[in-house]
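# sequence isn't available, so here's the structure alone:
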Ligand code: GUN
Ligand code: ZN
């Protein structure tokens, strides 16, 4: 039963946090059994002046892009062709996939990410390598290979029957895992036939699986999508085949119309906001007010490798900048919410994301100079000090990674 004394910061609600300059967190098995101001309890570890926060949630990240961070060959479609597809083709080799899985899991843990929605390559075997590594490390994740049956180099295409049979087998293999779930991920409309998307949606509905895809990221992509599917807007392409519902995570959502935003909200779908990626590829700025005003559940995505950092506090800082560009000054507490508890809830993980009695202990320890004191300054440093050191320690379910 470790008893930690530390500075403690946790979200309580979308714009409410708890902060204790001298706090205590008690963990029994995987559970938080006490949290609050330090009350004289005998302690196991004094972590002060370090700061304990909940683990971070990454709602959109690509495993097979871990080695191409920084490839600045945007805009989107050119970057996919020149930088992404050649790298993802390497994941046909399971030894390569295993090596990158080790690096990627190390990097997630070092970034303080404890829950992530992870896109794989098309290769189910590479996904299996990643799942084994996530399992070994003890991370929490929702993972799937991307589905592609057109619009990519031939070695990266999988016909619908094979892709979905492989995905179904992967799901059966991991079904009872306590921390890992399989997702259905038609990569985006331009890499899928309508039949592929329809069959993917059916599999997800039958088995109650999460769906994720990219939408409305880049104007050229939007135009090509409407043309290819003879659709009045992008969202309708996914709606027609049954992909849009309350277990769907939509990455980007930069160029949606007001009507599309209404339909996303009406369906109860989740938006993965990827502000670094959107800026780095020059895709545009997501109008965050459209999501806020409709109370669309939101998670932040690093979107590595279009995003340049796995650190979710960095995504929070970029979301702040994106907000200013779209005339919205976001409360730092709101940013913290999206990157922790709000993001976890949006991804169906109601038991993590805050340091609160009764919740599962997914936590991160941050170095923080003693001179930085008080709720506002501590939160500002966590989110906006670009030279902040990497987290010192990370726990998932009370177990240190
Ligand atoms: N759209 C389709 N595939 C991708 C991808 O890998 N990254 C991003 N940012 N957008 C995409
Ligand atoms: Zn992406």
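All right, it came through fine. Because the structure is a prediction, the values reported are computed rather than measured. Ligands and ions are numbered 1, 2, ... in the order given.

# what sits against whatever residue of the stretch 251-400 of the chain ends up closest to ligand 1?
Residue of the stretch 251-400 of the chain nearest ligand 1, by Cβ to the nearest ligand atom: residue 306 (3.7 Å). For glycine as for every other residue, the C-beta is placed from the backbone atoms N, C-alpha and C. Shown in contact with residue 306 (Cβ atoms under 8 Å, 6 or more residues apart in numbering): 65, 74, 76, 79, 274, 276, 277, 280, 281.

# and the nearest residue to the first one once chain neighbours are set aside, its phi and psi?
What it means is residue 65. Once flanking residues are discounted, residue 65 sits nearest to residue 305: 3.5 Å by Cβ to Cβ, 6 or more residues apart in numbering. Backbone torsions for residue 305, taken as degrees, to the nearest 10, come to phi -110, psi 0.

# give the buried residues for stretch 236-248.
Within stretch 236-248, the residues that qualify as buried by neighbour count (16 or more other Cβ atoms under 10 Å) are 236, 237, 238, 239, 241, 242, 243, 244, 247, 248.

# residues in contact with the third one?
What that stands for is residue 238. Here residue 238 is in contact with 189, 197, 213, 215, 244, 248 (Cβ under 8 Å, 6+ apart).

# just say helix, strand or coil for residue 151.
coil (DSSP: H, G, I helix; E, B strand; the rest coil).

# need the contacts of residue 238 in JSON lines with pLDDT, secondary structure and distance to ligand 1, can you?
Shown next, in JSON lines, are the contacts of residue 238 (pLDDT from 0 to 100; DSSP: H, G, I helix; E, B strand; the rest coil; distance: Cβ to the nearest ligand atom, whole Å):
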{"residue": "189", "pLDDT": "98", "secondary structure": "helix", "distance to ligand 1": "9"}
{"residue": "197", "pLDDT": "98", "secondary structure": "helix", "distance to ligand 1": "14"}
{"residue": "213", "pLDDT": "99", "secondary structure": "strand", "distance to ligand 1": "8"}
{"residue": "215", "pLDDT": "98", "secondary structure": "strand", "distance to ligand 1": "9"}
{"residue": "244", "pLDDT": "98", "secondary structure": "coil", "distance to ligand 1": "17"}
{"residue": "248", "pLDDT": "98", "secondary structure": "strand", "distance to ligand 1": "16"}
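
# from those residues, pick the one nearest residue 12.
Nearest to residue 12 among these is residue 248, at 27.5 Å by Cβ to Cβ.

# what bridges to the closest one?
Listed beta-bridge partners, residue 248: residue 211 (assigned using DSSP bridges).

# dump the residue contacts of it.
210, 211, 212, 213, 238, 267, 269, 270.

# give me the pLDDT value at the most centrally placed residue in the chain.
Central residue of the chain (Cα atoms, centre = their mean): residue 59, 1.8 Å from the mean position. We have a pLDDT of 98 for residue 59.

# what do you get for residue 74?
We have a pLDDT of 86 for residue 74.

# please name the nearest non-neighbouring residue to it.
residue 281 (3.7 Å).

# any idea how many residues pack against that neighbour?
Applying other Cβ atoms under 10 Å, we find 24 residues neighbouring residue 281.
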